[in-house]
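Participant: quick check, what structure comes out for this input:
(one chain, ligands or ions: 3)
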Amino acid sequence: MTLLEVEGLVKHFPVRGGVFGRTSGHVRAVDGLDFAVREGETVALVGESGCGKSTVGRLVLRLIEPTAGAVRFEGDDLLALDAEQMRARRRRLQVIFQDPYASLNPRMTVGAMLGEPLFLHRLVGTEAERRARVGELLELVGLRPEHARRYPHEFSGGQRQRLAIARALAVEPRLIVADEPVSALDVSIQAQVINLMKELQGRFGLAYIFISHDLAVVKHIADRIAVMYLGKIVETATTDELFRNPRHPYTRALLSAVPLPDPAAVRERALLEGDIPSAIAPPPGCRFHTRCRFARESCRHDVPVLADDGTGHATACPWWPEFPPAPMTVGAAARAEDKTRLDRLQAAFVKQEAT
Ligand SMILES: Nc1ncnc2c1ncn2[C@@H]1O[C@H](COP(=O)(O)OP(=O)(O)OP(=O)(O)O)[C@@H](O)[C@H]1O
Ligand code: SF4
Ligand SMILES: [Mg+2]
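Facilitator: Residues are numbered from 1 along each chain as shown. Ligands and ions are numbered 1, 2, ... in the order given. Below is the predicted model:
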C-alpha cells in the first residue's frame, strides 16, 4: 500500500540581495518531483551536495512549505491540514538527522528526552508506565534501561544515533525521514546503525526515506533509489536494477565512484567533470548537459522527461539506449582509499551478520 505520495513538488527559496534586500532570484532547490513510498519500504534519495535532498525531506515533514505540489500521507493531503491536525500526523512521520548531538537536548537526561513525547502524545498514563516504556525503547535500539539516567554527552556517536532512533520510535511512526543518518559515523559503526534500522523496519513495518550522498551505504538498506540532480530526479529503479543497469549518465558517473568489492573487477571511471551548476540559474534543456559526456546539441534546449520503461525503471534521458553499456570490468583501477573504505564497510556488515 502507498504510504506517501509526492506530486509535482517544488521549492524555490528567494535570494535576497542589494541594499534594499529585494528578492533578486530564486534557488530552485526542488523543481518538480514525483515519487511514492510504500508501507514498510526504504526509498533512498541520492545525489551530490546541494541537489535538494534535505529540502525534499523537510518538505515531506512539512517543516517548510512548498512553492507548489502535493504531499499525501496515509491518503491525506498534508498541506491541507491545519496546525492541530498536522500535530497529530507528525507522530506518524518522524525524522533522524546526521548529527544526533545537535538534535538531542544536552541538558536533558535520556529518560526525560524519551519520556517527553510519550506524555505529549498520551502514549503512557503513569510515571511507572513511562519508565517501563523508556527502558523498552532503549533495549530496542541496543542500549540498556539504566542508560535513561545519563546525558547525551556520555554516549559515543553511534550510541547517540541509537538514541535519536529510539526517540523517533517512541511515538510509533509509520515513516521515518533519515537525513544522512550515518554520514558522520565511522564505517564500522555505520554498518551497526544501518543493521539496526533494518531490524526495526522488519519488526515494526516502518518505511524510510533514506537520504545519502553515499551509494555504497544506500545499497545495504534501500529497496528503491531515486537519483537527484539539481532539484530533479534523473533516474529511479530498484536498488539491484540501478546497480546492475545504470542508464542515466549522471547515475553512471556516481556509480563509477563506488568501488567494486571484487579486486579483479574494475568499473569504468566516468568522472564527473566540473562543478555542479548553480541552482539559481540551472542550465536550460537537460540540467546535466554541462557535465554529460554523451551530451549532444539538442540536450541544450530539450528538457528530458523521467520516462518509466514499464518495469519501474525510469530515466530522464531519451538517449540512454544508444550508450555503450556501463562497463564493469574495464577502465582505470579503483582508488586505493575507496577500496579500503568499502572493504571496511563490507567487513563490518559481515561481522554484524555473524553476531
Ligand atoms: N533556507 C534556504 N534558503 C535558501 N537556499 C536554501 C535553503 N535551504 C537550502 N537551500 C539551497 O537549496 C539547495 C538544495 O539544498 P539541500 O540542503 O536540500 O541539498 P542537499 O542535497 O541536502 O545537500 P547536502 O548533501 O549538502 O546536504 C542548495 O542550493 C541550498 O543552498
Ligand atoms: S539528455 Fe543529453 S545531456 Fe542529458 S543526460 Fe541525456 S545525453 Fe546527457
Ligand atoms: Mg542535506
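
Participant: could you list the buried residues of the helix or strand containing residue 24?
Facilitator: Residue 24 is located in strand 22-38, with elements delineated by DSSP states H and E. By neighbour count on 16 or more other Cβ atoms under 10 Å, the buried set for strand 22-38 is 26, 27, 28, 29, 30, 31, 32, 33, 34, 35, 37. C-beta coordinates here come from the backbone N, C-alpha and C atoms, glycine included.

Participant: cool, and stretch 67-86?
Facilitator: Going by 16+ other Cβ under 10 Å, stretch 67-86 has these buried residues: 67, 69, 71, 72, 73, 74, 78, 81.

Participant: what about it, near ligand 1?
Facilitator: No - figure legend: stretch 67-86 not in contact with ligand 1 (Cβ under 6 Å from any ligand atom); closest approach 12.0 Å.

Participant: give the contact list for whichever residue of the stretch 1-150 of the chain sits closest to ligand 2.
Facilitator: Residue nearest to ligand 2 within the stretch 1-150 of the chain: residue 47 (13.9 Å; Cβ to the nearest ligand atom). By Cβ atoms under 8 Å, 6 or more residues apart in numbering, the residues touching residue 47 are 53, 213, 227, 228, 229, 254.

Participant: and the second one, how many neighbours does it have?
Facilitator: Just to be clear, that refers to residue 213. 16 (other Cβ atoms under 10 Å).

Participant: what do you get for the fourth one?
Facilitator: Using other Cβ under 10 Å, the number of residues around residue 228 comes to 23.

Participant: return the residues of the stretch 151-300 of the chain in contact with ligand 1.
Facilitator: Counting by Cβ under 6 Å from any ligand atom, the residues of the stretch 151-300 of the chain close to ligand 1 are 213, 279.

Participant: how about 8 Å then?
Facilitator: Contact residues (Cβ under 8 Å from any ligand atom) of the stretch 151-300 of the chain with ligand 1: 179, 180, 211, 213, 228, 231, 278, 279, 280.

Participant: hang on, isn't residue 12 packed against residue 27?
Facilitator: Yes - in terms of Cβ atoms under 8 Å, residue 12 counts as a neighbour of residue 27; the distance is 6.7 Å.

Participant: between the two, what contacts are shared?
Facilitator: Shared contacts of residue 12 and residue 27 (Cβ under 8 Å, 6+ apart): none.

Participant: for the stretch 51-200 of the chain, which segments count as helices?
Facilitator: 53-60, 83-90, 100-103, 110-120, 127-140, 157-170, 187-204 (DSSP state H, counting those that start in this stretch).

Participant: which non-adjacent residue is nearest residue 319?
Facilitator: residue 294 (6.2 Å; Cβ to Cβ, 6 or more residues apart in numbering).

Participant: understood, closing this out.
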